[in-house]
Structure formats: C-alpha cells, structure tokens
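> from the sequence below, what's the structure:
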Amino acid sequence: MSKRNLAILAALGATTIYGLNHTIAKGIMPNFLEAFALVELRVIGATLLFWLMSFFGPKEKIEKRDYLRLFVCAILGMGFNMLTFFKGLSLSTPINSAVLMTTSPIIVLILSVILIKEKVFPLKIGGIIIGLLGALTLIFLSNESRQDAPNIPLGNILILMNATFYGGYLITAKSLIEKYHPFTFMKWLFLLGIFICLPFSYQELVDTQWNTLTFDAIWRIAFVIIGTTFFTYLFNIFALTQLKASTVSAFVYLQPLIGIIFALVTGQDQLTTIKIAAACLVFLGVYLASKKPNQKNSLGKI
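Residues are numbered from 1 along each chain as shown. From the prediction side, this is the model:
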C-alpha cells in the first residue's frame, strides 16, 4: 500500500476515533467519573505518552521568549478547551456534542477576523451566520429530558465554548507549531495542562470511588487517553506528511456523521427534528465558511 493511501487511512482513523469519542466518553460520566476528573486523567496519561515519545524526536529547548505564548496555548488548549468539552458532554448528549464540535472552523474564522484581521468574503459571512443559527437552534430549542443529560442547554453552551477556546488555541499555537517538533510542543503543553486543570479536578479526583470502576469504565478511560488524545495526534501528523492540510481538514465533515451513527447504533442517543435541522444548518454553514472563493470574486472581499 502506498504512503498516500496509508495517510488517507490515518486521517480517516483519527476522524473515526473523534467521532466514537462522543459516545464512549459519555459512558464514563457521571456514573464512574466526573468530567473534570476525567480531564485530569487524560492530560496526565497524554503527558506520560508524549514525554516517552519525545525521546525519539529531536532534543529541543523552548526559547524563553516563547514561554508566555506556550502558557497561553496550554490554558486555551489543555485547560479551558478540555474542561468545557467534557463538562458539556456530561450535561448534554453525544449527538449534540458531535454536531456542535463541527462549528470549530467557523469559530476559527471569526477569531481570525477579530484577532489577525483576516479578510473574509460574503460567502464566508453567510456560512458563519448559517452555522451559528444551527448552533443556537440546538442550544435554545432542544427540549429533551434525559437522566444522563441533566442540563442539555448549558451542556450545549459549554461545548460551543469549547469550540471557541480551541479556535483561540489554534491561532495562538500556529507560530509554535511551525517552530518546534510536535513531540517537543505537545509534551510541554500537556505537562502544563496537568497543573492548569488540577484546581478544577482535585476534589473530583479525591471523591472518585476508584475501587468501583468496572472494566467497561476502564477501557473507556483508556480509549480517551490513548485513542482520542495520543493516536489521533500521531495519525494526523502522519497524514499531514503525505497529504495537503486542506485534504486532512476535509475529514472533519465525517466526524459528526460517525458520531451520530455510532450513538444511534449503540442506543446512546436518538435523532429529533430539532437535531436534524440544526445539524443541516451547521454542516451547510461550515461548508460555506470553509469554501475558497473563485479568483474572479476576489473583489468582493471585505
């Protein structure tokens, strides 16, 4: 098999893991672990794995002038990003989570316009509006009532906040990602994440009844740490060595579909008219916001 085909499989594998994660991680919370305790286990596990892998990479030191930017990246990417996602997922449903996570490209575009003055085209503006309408529909019009989803509107808001923090992380981290080897960058990022998340997770870790964890809970936790955090990163890195970034990013459209199908097949969630309508708006919005305009329309940018 050619390296290009392997890269396509790697990108598909990463997207599949992300899609499955919504349902698998949901099965841990809150019966076995609270959201913040799960986040702490995730960053500790990922830190150990990335530090081990760093021995196979170049020996680099972070320059002093990059300390502050690295710390901000850790706050956005390893702290608030993960804390809001897992707390939101614990309060909401797997399908809501899968759909709202797809708004990340829209959020990145909005933040790019605000923070780095990126120029946008009317088509992208329309995509932003349509995508956000879909997200707001899911947040404010969802009237489900589930025992394992005690506050769906708040959970949806937190997941949307997660997309915002992640967008801010991507913009902030761009220069560091280009400067340092991935293993160097990630090992320090996750190490800082341990201490950033600890004030939120400490009490939940202390209150966790570790002796009651079943095999089902343990393999789900392992999946979140090894699969969702570690392997997806390695898969995406390999995919980027053989494919264009735009090709790899296109796989984001498969993530919610995989997440929705898996949630339905396993009986962990169900489709409603509101979810279908909101998902259609979000998908259309992301497509329009990500679409590159034709050169002949370049005069229309603002």
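
> from here on, contacts and neighbour counts on C-alpha atoms
OK.

> all helices of the stretch 101-250 of the chain, in order?
Taking DSSP state H, counting those that start in this stretch as the test, the helices found in the stretch 101-250 of the chain are 104-115, 122-140, 152-179, 182-207, 215-222, 232-242, 245-249.

> so how far is the helix or strand that the shortest one is followed by off the chain centroid?
Just to be clear, that refers to helix 245-249. Downstream of helix 245-249, the next assigned helix or strand under DSSP states H and E is helix 254-265. Taking Cα atoms, centre = their mean, to the nearest Å, the mean C-alpha location of helix 254-265 is offset from the chain mean by 15 Å.

> for the record, mean pLDDT for helix 254-265?
Taken as a whole, helix 254-265 has a mean pLDDT of 89.

> then stretch 80-97?
92.

> repeat that for stretch 62-77.
Mean predicted confidence for stretch 62-77 is 94.

> measure that stretch end to end?
The first and last residues of stretch 62-77 sit 18 Å apart, counting by Cα to Cα, to the nearest Å.

> in it, what counts as buried?
For stretch 62-77, burial by neighbour count (16 or more other Cα atoms under 10 Å) applies to Leu70, Phe71, Val72, Cys73, Ala74, Ile75, Leu76, Gly77.

> which ones among the residues you listed map onto helices?
Leu70, Phe71, Val72, Cys73 (DSSP state H).

> enumerate every residue touching the residue nearest to Ala217 when sequence neighbours are not counted.
Of all residues not flanking Ala217 in the chain, Ile28 sits nearest, at 5.8 Å (Cα to Cα, 6 or more residues apart in numbering). By Cα atoms under 8 Å, 6 or more residues apart in numbering, the contact list for Ile28 reads Ala217, Arg220, Ile221.

> nearest to Ile261, of the buried residues of stretch 62-77?
Minimum distance to Ile261 across those is 27.5 Å, recorded for Gly77 (Cα to Cα).

> near the closest residue to the closest one other than its chain neighbours, how many other residues are there?
Counting by Cα to Cα, 6+ apart, Gly77 lies nearest to Tyr169, which is 5.3 Å off, once chain neighbours are set aside. Residues lying near Tyr169 (other Cα atoms under 10 Å) number 22.

> so Tyr169 sits against Phe80, correct?
No. With contact defined as Cα atoms under 8 Å, Tyr169 does not count as touching Phe80 (10.0 Å).

> output the helix or strand harbouring Gly285 as PDB, nothing but the C-alphas.
Secondary structure assignment for Gly285, by DSSP H and E: helix 273-290. Extracted in PDB, the C-alpha atoms of helix 273-290 (Å, rounded to 0.1, in the frame of the first residue of the first chain):
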ATOM      1  CA  THR A 273     -36.400  17.100  14.300                       C
ATOM      2  CA  ILE A 274     -34.500  19.800  16.100                       C
ATOM      3  CA  LYS A 275     -31.200  17.900  15.900                       C
ATOM      4  CA  ILE A 276     -31.600  17.100  12.200                       C
ATOM      5  CA  ALA A 277     -32.500  20.800  11.300                       C
ATOM      6  CA  ALA A 278     -29.700  22.200  13.500                       C
ATOM      7  CA  ALA A 279     -27.200  19.700  12.000                       C
ATOM      8  CA  CYS A 280     -28.100  20.600   8.400                       C
ATOM      9  CA  LEU A 281     -27.600  24.300   9.200                       C
ATOM     10  CA  VAL A 282     -24.300  23.700  10.900                       C
ATOM     11  CA  PHE A 283     -23.000  21.500   8.100                       C
ATOM     12  CA  LEU A 284     -24.100  24.000   5.400                       C
ATOM     13  CA  GLY A 285     -22.500  26.900   7.400                       C
ATOM     14  CA  VAL A 286     -19.200  25.100   7.800                       C
ATOM     15  CA  TYR A 287     -19.100  24.200   4.100                       C
ATOM     16  CA  LEU A 288     -19.700  27.800   3.000                       C
ATOM     17  CA  ALA A 289     -17.300  29.200   5.600                       C
ATOM     18  CA  SER A 290     -14.600  26.800   4.500                       C
END
